[in-house]
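**Q** below is the sequence, then the predicted model.
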Amino acid sequence: MNVIKRAFMKIIGKRSRPMMEHTFVMIGDLCRAFYEKNGKEALPIITEVASKSGAQRAEIMQKMMPVKDMKDVGELFKMMDLMMEMGMEIIELSDDAIHFKVQKCMLGIEGTSKELCEAMMATDTKMLNTLLGQEVETKILKSVAAGDKECEVIFSKK
């Protein structure tokens, strides 16, 4: 990502970050409450809603930046990190996979459970499936929702 694009993303992020953070945390709070009330029975519903949201998000993102492969996904994630200041570290980026760590959960579901994290991550999985036009596998190696100090995730083409 060039210097001009980075500067532009930081400016946009500074102004829009509080509203975006509020929206993500509100979604997380709603899912947390639904999960706490209904337990594991809530997970298929959360996954279904998250998947629909991921497909819709992909359609919006493709208008902003065409994504053809995992390297484009890496650029997209770098832009999101600049805007949201998530502390993302990309460990590996190839044509077939992206492996990254992030210090904070944008959804604010720290200390809940890995299963809630997995259900909510269906948003990102479906988003990538739609952006890439093929199935993507998600591996959550660490999750702050499960009590880890960071999240570590691998998205890879099937």
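**A** Yep, that arrived.
**Q** residues in contact with stretch 45-63?
**A** 31, 34-35, 67, 76, 116, 118-131 (C-beta atoms under 8 Å, 6 or more residues apart in numbering). Where C-beta positions appear, they are placed from N, C-alpha and C, glycine not excepted.
**Q** strands of the protein, residue ranges please.
**A** 89-93, 97-102, 136-142, 151-157 (DSSP state E).
**Q** the shortest one packs against which elements?
**A** Think strand 89-93. helix 70-84, strand 97-102 (3 or more C-beta pairs under 8 Å, 6 or more residues apart in numbering; DSSP states H and E).
**Q** other residues contacting that strand?
**A** Met70, Lys71, Gly74, Phe77, Lys78, Ile98, His99, Phe100, Lys101, Val102, Glu152.
**Q** mind checking which of these are buried?
**A** For the contacts of strand 89-93, a burial check counting by 16 or more other C-beta atoms under 10 Å picks out Met70, Gly74, Phe77, Lys78, Ile98, His99, Phe100, Lys101, Val102, Glu152.
**Q** surely Lys104 is in contact with Met88?
**A** No. Applying C-beta atoms under 8 Å as the test, Lys104 and Met88 come out as separate, 9.7 Å apart.
**Q** hang on, the earlier thing: out of the strands of the chain, flag the one nearest Ala42.
**A** strand 136-142 (18.2 Å; C-beta to C-beta).
**Q** count the neighbours of Leu43 for me.
**A** 20 (other C-beta atoms under 10 Å).
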